[in-house]
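> Sequence first, predicted coordinates after that:
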Amino acid sequence: MSSTSEPIGLAAESDPATAKKWHDAKVIALVAIAHFTSHVHIMLLPPIFGQVKDAFGVSYIEVGLALTAFNVASALLQTPAGFLVDRIGPRLMLTGGLVLGAVAIAAAAVLPGYWLFVIAYGLLGLANTVYHPADYAILSATIDSKKIGKAFSIHTFAGYLGSGVTPAMVLACAALWDWHGAFLFAAGLSFAVALLIMVAGSVLPRTIDRPRAAAPGPALGSVEHDTKVGLELLLSAPILRNLLFFFCLAMANGGIQTFSVVGLGAIHGTPGSVANVGLSGFLLFSAAGVLLGGIIADRTPHHERVAAIGFACTSTMAILMAWVNMPAVVLITVMSVGGLLNGIIQPSRDMMVRAVTPIGSFGKVFGFVSTGFNLGGMTSPLLYGWLMDRHEPRAIFMIVVGFILLALVTAITRAKPQAKAAWTH
């Protein structure tokens with residue numbers, strides 16, 4: 001029988017390139033679905049703030065304390081979670097995070113009392129610590145370096161998509177079953193994705209191979225050795241620079257996403273409907289920009305240049321929003337273009353972290369630098385809210401520009417990887 005008559009499946013298995021392609025597609029799909037679910041968790045409460053507030057008879061600040069508990073738990077425990085990812089493997093940690101998240105959301109829905117709700121949200125914050133370390137460890141160790149930019153972009157896009165669809169999903173579920181039902185639906189989704197990882201996760205690595213080299217001190221591979229070497233790595237200048245970079249991005253995006261609508265209204269009297277359309281344009285084009293940025297990241301080693309161009313455009317957007325009373329169409333266009341460039345930056349951001357991360361340390365490094373997002377998430381609402389209370393909305397945009405420029409400096413002054421990067425296969 002000629003080779004042309006072989007079954008398609010057998011032909012694919014006999015072609016290493018095709019088999020690798022399908023393997024990578026499955027890995028990216030599973031990681032993207034998990035990241036989508038993590039953003040559902042993050043956006044679960046904001047759309048039904050009012051319903052939860054009324055159910056417990058508390059203030060908005062008290063409901064907000066649940067989100068604070070979430071962010072504090074994530075900020076404090078994400079780096080330890082990264083160490084665990086590198087030690088016991090990303091697949092187990094990812095599955096455990098999904099199950100723990102489901103349990104936490106279900107507990108928030110069914111347990112009586114406000115403080116149990118806050119504790120459940122702290123537990124959800126603990127579950128959230130596994131996603132960035134595990135996801136980036138899996139992608140970095142599995143996907144070919146020539147395609148890793150696209151993989152990172154799909155991962156990030158899935159998160160944007162999760163944030164985008166959750167408000168409508170939550171409101172629809174709450175309309176049918178009240179907020180308890182919406183939470184239980186999200187818990188069921190998390191359990192379902194955990195089950196998917198268990199059933200189809202054989203393509204995901206159980207552990208990440210680590211370099212085996214002689215080293216003085218504690219035995220190689222011991223907890224003591226891994227902790228000592230890991231802490232030295234995390235406190236090195238390139239990793240601390242990336243932590244600062246992530247913090248600056250969180251502070252800048254926090255100002256635009258949370259306070260641009262009220263800020264534009266206070267400065268220029270921009271109608272809320274117009275400002276919200278502009279914000280939607282920013283977010284939607286950011287998602288599109290992430291996918292475009294993945295293609296760009298795979299085609300250039302100069303990721304700092306991509307970031308610099310994106311930052312120059314987004315800082316220009318913020319300056320225009322603060323000082324120019326633009327017509328509605330112009331404002332929406334400016335914010336949409338700014339969002340596109342903001343999205344393009346994201347895969348290059350991840351590539352810059354990967355370039356300075358040795359094999360076997362993806363979990364701890366991405367966990368550590370992603371803590372910058374949590375620190376920014378805790379700091380930006382307090383800072384920008386204080387400025388709004390002091391009737392200084394223009395200062396919000398100026399501080400956003402300052403953080404964008406600081407991020408630009410950290411990107412363009414980074415040390416270039418020497419010779420062959422530690423992570424190349």
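That came through, no problem. Numbering: from 1, shown residues only.
> any weak-confidence spans in the protein?
1-14, 208-230, 414-425 (pLDDT under 70).
> Any idea how many residues pack against residue 373?
If you count neighbours by other C-beta atoms under 10 Å, residue 373 ends up with 21. For every residue, glycine as well, the C-beta is placed using N, CA and C.
> nearest residue to it other than its sequence neighbours?
residue 250 (4.7 Å; C-beta to C-beta, 6 or more residues apart in numbering).
> List the buried residues for the helix or strand containing the one you found?
Secondary structure assignment for residue 250, by DSSP states H and E: helix 237-268. For helix 237-268, burial by neighbour count (16 or more other C-beta atoms under 10 Å) applies to 238-239, 241-256, 258-264, 266-268.
> Can you list the residue ranges for helices in the stretch 101-250 of the chain?
Remark: helices assigned in the stretch 101-250 of the chain by DSSP state H, counting those that start in this stretch are 114-128, 131-142, 148-200, 223-234, 237-268.
> Summarise which helices and strands the first one is packed against.
This means helix 114-128. Applying 3 or more C-beta pairs under 8 Å, 6 or more residues apart in numbering; DSSP states H and E, one finds that helix 114-128 contacts helix 16-42, helix 49-56, helix 60-88, helix 90-110.
> Out of the ones you listed, which is closest to residue 394?
helix 60-88 (25.3 Å; C-beta to C-beta).
> what's the angle from the closest one to helix 49-56?
Between helix 60-88 and helix 49-56, the angle comes out at 100 degrees (axes from the mean of the first three to the mean of the last three C-alpha atoms, to 10 degrees).
> sorry, back to before: heading C-terminal from the helix holding residue 250, find the next helix or strand.
Next along the chain from helix 237-268, counting by DSSP H and E, comes helix 272-299.
> need the next SSE after that following helix, C-terminal direction.
helix 303-323.
> surely residue 83 meets residue 363?
Yes. With contact defined as C-beta atoms under 8 Å, residue 83 reaches residue 363; the gap is 7.1 Å.
> So which of these two has more stuff around it?
residue 363 (33 against 21).
> can you tell me which residues contact that one?
81-86, 90, 93, 133-134, 136-137, 208 (C-beta atoms under 8 Å, 6 or more residues apart in numbering).
> Can you lay out those residues as TSV showing distance to residue 356?
Below are these laid out as TSV (distance: C-beta to C-beta, whole Å):
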residue	distance to residue 356
81	20
82	15
83	18
84	21
85	18
86	16
90	19
93	22
133	16
134	20
136	13
137	15
208	17
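> So which of the helices and strands packed on helix 114-128 is nearest residue 154?
helix 16-42 (5.4 Å).
> Between helix 148-200 and the closest one, find me the angle.
80 degrees.
> Report the buried residues of stretch 45-59.
In stretch 45-59, counting by 16+ other C-beta under 10 Å, buried: 45, 47-48, 51-53, 56, 58.
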